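In: after the sequence you'll find the predicted model.
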Amino acid sequence: MSDADAWAKACAEDLEAEKARRRAERGEEPGTPAEEFRKLFDAVAEKVSGALGGPLLGGQAAGTVQQVVNQAKALVEPVIERNPQVFDHLAAAGNELLAAYRSAVQGQETRWTRGDTDGTEPGDPRDEKRERRDEGRDDGPGTGQHIDLD
């Protein structure tokens with residue numbers, strides 16, 4: 001066995017050991033996006049049934065709430081079963097949106113910590129033009145001569 005093979009095997013073993021340690025530490029790993037959606041839906045349905053079926057509403061209303069929850073489950077389950085890849089795509093899209101949001105926020109935070117809230121980078125020509133305008137003397141493209149409009 002070559003050194004590269006031994007190294008790859010050792011890395012794979014270390015990775016599996018780390019995964020096992022984390023599983024033992026935190027419990028089970030998250031499932032597929034479809035399984036996680038099913039768990040979320042079940043948890044929300046349980047909370048809705050508990051909250052609306054409890055002391056807030058009478059026995060008749062509790063039965064109605066449970067019936068609505070069961071009907072919603074009956075509608076959602078076939079969608080999850082037939083289209084699990086949709087949830088993979090939604091999860092990937094969510095990760096892309098999160099990455100874009102982080103990028104935008106990090107850029108803005110950098111400008112805020114520098115004290116620059118107008119969005120320009122240091123040394124940007126717009127800064128010089130803004131400073132001249134703010135001082136009341138704009139050396140724009142004109143000749144600098146006064147034009148009489150009367």
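Out: It's in. Please read these numbers as outputs of a predicted model, since none were measured by experiment.
In: would you quantify the distance from S49 to A93?
Out: The gap separating S49 from A93 is 30 Å, by Cβ to Cβ, to the nearest Å. Any C-beta I mention is one placed from the backbone N, CA and C, and that applies to glycine too.
In: and the longest helix anywhere in the chain, what other elements does it pack with?
Out: Scanning the chain for the helix with the most residues, using DSSP state H, yields helix 84-114. On a contact count with 3 or more Cβ pairs under 8 Å, 6 or more residues apart in numbering; DSSP states H and E, helix 84-114 meets helix 33-53.
In: could you name the helices and strands sitting against the helix it packs on?
Out: helix 59-82, helix 84-114.
In: next, count neighbours for V48.
Out: 15 (other Cβ atoms under 10 Å).
In: residues touching it, list them.
Out: V65, V69 (Cβ atoms under 8 Å, 6 or more residues apart in numbering).
In: domain-wise, how is this protein divided?
Out: 7-82, 84-119 (automatic domain parsing).
In: who has more neighbours, S49 and A93?
Out: Shown here are S49 and A93; by other Cβ under 10 Å, S49 has more neighbours (16 against 10).
In: doesn't Q67 make contact with the more buried one?
Out: No: counting by Cβ atoms under 8 Å, S49 stays clear of Q67, with 10.2 Å between them.
In: now do the longest helix of the chain against helix 59-82, angle only.
Out: With axes from the mean of the first three to the mean of the last three Cα atoms, to 10 degrees as the basis, helix 84-114 and helix 59-82 are set at 100 degrees to each other.
In: if we can go back for a sec, looking at the helices and strands packed on helix 33-53, which is closest to A8?
Out: Nearest to A8, of all the helices and strands packed on helix 33-53, is helix 84-114, at 27.6 Å by Cβ to Cβ.
In: mind listing what's buried in that closest one?
Out: F87 (16 or more other Cβ atoms under 10 Å).
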